[in-house]
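Visitor: test case, fold it:
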Amino acid sequence: MSDSLENIVAQTAQGLEAVRTRPEFEAFKATVMGPNGSFTASRKLIGTLPNDQKKAFGQRLNEVKEQIEALLSQSLGRIEEAELAASLGVPVDVTLPCPEPVRGSLHPLTQAREQITGVFRRLGFSVAEGPEIESDWYCFEALNVPADHPARDMQDTYFLPKETRLGNITRVGDEPWLMRTHTSPVQIRTLLAEKPPLRIISPGRCFRRDAVDATHSANFHQIEGLYVDKHVTVRDLKAVLDHFVREVFGPKSETRLRPSFFPFTEPSFEMDFRSPNLGRLSNKWLEIMGCGMVDPEVFRHCKVDDSEWSGFAFGLGVERIAMILTGADDIRQFYANDLRFLRQFA
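Guide: Modelled structure (predicted):
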């Protein structure tokens, strides 16, 4: 049997010398290693041997297999080199410009986020980020929304089991983790980590248990802002937001503030705007964000002296801005990954 294996190696080496193309190589390989190949047939003989001979024959089979695979690899390498040489033989005009690769573009939500953050960066705001999984204290309690507050009904969210472990993310006590419903917890984390004065915006993804429709999504993006300094008033709030609206929607844009309620600001407002540059939405009052002066209770939670410092906060949805800018009439289009839609804004 050993002689038979030696013959298979010799026949393989001799047969490969005549192989010139890849189809010829695959056909010859099948005659040796295929289901009906000569080496495969030899492997089947191991079951007919006495037990005391099987080990030695098996070892010899492995050695022969390695020799055959080395011969096959060497032959395939020779064929690939010949194919490459043949392809390089085609005349190439090296003076021609290189064809441009297909280039992608930023997603319209990313474009909207960059446009918004760019306006506030030019006003001296820095970008702060925080975890998408938060604790109850950072997401609600520190923002003046206790457990029995009715405002929580508007922010049904996704809670995680109390025993969930999440690395080094800070939480207070044994409260449960949750998917944050807004990026306002970043304001709390910043106030605890830094001393005023400060100006930040906090873009990020948020989660609420909303029914998905043309204007709502369980997953959405938000940008919140916080300005804390001495003697900050509503006048400063309106000046900053007026500038933002005119930068994004045109210099002829107008704004108005309507009284509203948010647990973490007092007084609180909804801001509307209108602009002559929005096509079918031109000169219609559109709600764009919530805002207000930071509630003193929030400062107290963060150990900030509310008799010395004051500030304002605001929050807006990136999808809402993107829909106005692009004319999209369904928020779900931003998540469908339909290139026909996305390429319109490349």
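Visitor: only C-alpha atoms for contact and neighbour calcs from this point on.
Guide: OK.
Visitor: can you give me the helices in the stretch 101-250 of the chain?
Guide: Using DSSP state H, counting those that start in this stretch, the helices of the stretch 101-250 of the chain run over 108-122, 136-139, 184-193, 234-249.
Visitor: now stretch 60-70: buried residues?
Guide: By neighbour count on 16 or more other CA atoms under 10 Å, the buried set for stretch 60-70 is 60-61, 64-65, 68.
Visitor: circling back: among the helices of the stretch 101-250 of the chain, which is nearest Val102?
Guide: Among these, the nearest to Val102 by CA to CA is helix 108-122 (18.5 Å).
Visitor: flag every buried residue along the closest one.
Guide: Of the residues in helix 108-122, 108-109, 112-113, 116-117, 119-120 count as buried by neighbour count, 16+ other CA under 10 Å.
Visitor: ok, now stretch 16-34?
Guide: For stretch 16-34, burial by neighbour count (16+ other CA under 10 Å) applies to 16, 19, 25, 28-29, 32-33.
Visitor: could you export the helices of the stretch 101-250 of the chain as a markdown table, including distance to Ser4 and mean pLDDT?
Guide: Formatted as a markdown table, those follow (distance: least, CA to CA, whole Å; pLDDT from 0 to 100):
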| stretch | distance to Ser4 | mean pLDDT |
| --- | --- | --- |
| helix 108-122 | 68 | 95 |
| helix 136-139 | 76 | 86 |
| helix 184-193 | 76 | 93 |
| helix 234-249 | 82 | 95 |
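Visitor: quick one: closest of these to Val228.
Guide: With CA to CA as the measure, helix 184-193 is the member of the helices of the stretch 101-250 of the chain nearest Val228 (9.2 Å).
Visitor: ok so, going back, just flag the most distant two among the buried residues of helix 108-122.
Guide: Pairwise distances across the buried residues of helix 108-122 (CA to CA) peak at 18.8 Å, for the pair Pro108 and Phe120.
Visitor: pull the distance from the longest helix anywhere in the chain to the chain's centre.
Guide: Secondary structure assigned by DSSP state H gives helix 51-88 as the longest helix of the chain. Helix 51-88 sits 45 Å away from the centroid of its parent chain (CA atoms, centre = their mean, to the nearest Å).
Visitor: from the buried residues of stretch 16-34, which single one is nearest Asp272?
Guide: Looking across the buried residues of stretch 16-34 and measuring by CA to CA, the closest to Asp272 is Phe25, at 73.2 Å.
Visitor: the residue lying closest to the closest one once chain neighbours are set aside: what secondary structure?
Guide: Using CA to CA, 6 or more residues apart in numbering and skipping the chain neighbours, the partner closest in space to Phe25 is Val19 (5.9 Å). Look at Val19: counting by DSSP: H, G, I helix; E, B strand; the rest coil, its state is coil.
Visitor: Ser310 versus Val19, what's the distance?
Guide: 84 Å (CA to CA, to the nearest Å).
Visitor: what lines up beside the helix or strand harbouring Gly311 in the sheet?
Guide: In this structure, Gly311 sits in strand 310-317 according to DSSP states H and E. Sheet pairing here is set by DSSP bridges, and for strand 310-317 it gives strand 219-229 (antiparallel), strand 286-294 (antiparallel).
Visitor: would you mind finding the most buried of these?
Guide: strand 286-294 (a mean of 22; mean count of other CA atoms under 10 Å).
Visitor: where are the low-confidence patches of the stretch 151-300 of the chain?
Guide: 151-156, 161-174 (pLDDT under 70).
Visitor: can you tell me the closest non-neighbouring residue to Lys303?
Guide: Leu192 (7.4 Å).
Visitor: checking Pro267 next. Helix, strand or coil?
Guide: strand.
Visitor: that one: neighbouring residues, count only.
Guide: Around Pro267 there are 17 other residues, counting by other CA atoms under 10 Å.
Visitor: try the one 10 residues further on
Guide: Other residues within reach of Asn277, judged by other CA under 10 Å, total 15.
Visitor: now for it: which residues touch it?
Guide: Asn277 makes contacts with 249-250, as judged by CA atoms under 8 Å, 6 or more residues apart in numbering.
Visitor: could you measure from Asn51 over to Gly37?
Guide: Asn51 sits at a distance of 25 Å from Gly37 (criterion: CA to CA).
Visitor: C-terminal to the strand holding Gly311, what's the next element?
Guide: helix 318-326.
Visitor: flag every buried residue along that following helix.
Guide: 318-325.
Visitor: for the next helix or strand after that helix, which outside residues touch it?
Guide: Under the assignment DSSP H and E, the closest C-terminal helix or strand after helix 318-326 is helix 339-342. Outside of helix 339-342, the residues within contact range by CA under 8 Å, 6+ apart are 107-108, 333-334.
Visitor: next: stretch 292-304.
Guide: By CA under 8 Å, 6+ apart, stretch 292-304 touches 142-144, 188, 191-192, 233-234, 237, 263-269, 305-306, 310-314.
Visitor: the same query, at a cut-off of 7 Å, please.
Guide: The contact list for stretch 292-304 (CA atoms under 7 Å, 6 or more residues apart in numbering) reads 142-144, 188, 191-192, 234, 264-269, 305-306, 310-314.
Visitor: so Arg20 touches Arg78, yeah?
Guide: No. Using CA atoms under 7 Å, Arg20 is not in contact with Arg78, being 8.6 Å away.
Visitor: shared neighbours of the two, anything?
Guide: Joint contacts of Arg20 and Arg78 (CA under 7 Å, 6+ apart) do not exist.
Visitor: any chance of the helices of the stretch 101-250 of the chain in CSV, plus distance to Phe207?
Guide: Shown next, in CSV, are those (distance: least, CA to CA, whole Å):
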stretch, distance to Phe207
helix 108-122, 16
helix 136-139, 12
helix 184-193, 13
helix 234-249, 25
